[in-house]
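In: Got a sequence here, can you build the structure:
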Amino acid sequence: MKNNKKLVLSALIISIIGVSAVAFGYFTVQRVGDNGNVLSGRVAKNGPKITFTENREGITLKDAYPMPDELGEAQSEAYVFSIKNEENKNVDAKIIMEVSKSSTLDDSLVNVSINGIVVTLGALTQEKASSGYKTAYVLKTEKLTPGKTTENTIKMWINENGTKENASSKEWASSILVVPEFA
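Out: You can find the predicted model right below:
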């Protein structure tokens, strides 16, 4: 009888742990934004062949607080991506940051460091956003010779214009889009 109780209790504990682990995984994975848009970076279709790699999927700000640029750049997690020209001709690659429709933080409160150059996202030139994104900003354009690979480092934070009222409990998410064309 005691062995039966131990067996039932053990099975119950294992079941609870298993269900908890599955529920935790299900509710914490945030790989897909609103409208099904995946936050991983990508290269626009129907253009020159470019290889794109990134150190993680998408760029997000969640539970962030306003800070000066020096602190933001020092404390922000780096998003690093590289692009390689696979063509035998020169290619111009436009690097665009697309902001997810699920973002609730105003873009003018987001500062971005692109390879150490700090700008306010809302001050950059805008492009037409892809489906599932609300806004697209041109970060930079790169000239790629045949076989050339470039690496870019992006860091983001809420700038000092953020307040408790306009930045608290807000979320922000984006992905990188590379638009290549022959030079």
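In: got a list of what A44 touches?
Out: Neighbour list for A44: L177, V178, V179, P180 [criterion: CB atoms under 8 Å, 6 or more residues apart in numbering]. C-beta: built from backbone N, CA, C; applies to glycine.
In: Please repeat the previous calculation with a cut-off of 10 Å.
Out: Neighbour list for A44: I50, A93, K94, I96, S130, L177, V178, V179, P180, E181 [criterion: CB atoms under 10 Å, 6 or more residues apart in numbering].
In: Phi and psi next, for it.
Out: Dihedral pair for A44: phi -60, psi 140, per degrees, to the nearest 10.
In: ditto for L9
Out: phi -60, psi -40.
In: again with E54
Out: Listed backbone geometry of E54 is phi -140, psi 150, with angles given as degrees, to the nearest 10.
In: burial count for it?
Out: As a burial measure, E54 scores 19 neighbours (other CB atoms under 10 Å).
In: That one bridge partners, please.
Out: F81 (DSSP bridges).
In: Might you report the residue contacts of it?
Out: So E54 contacts S40, G41, R42, Y79, V80, F81, S82, I83, N152, I154, S175, I176 (CB under 10 Å, 6+ apart).
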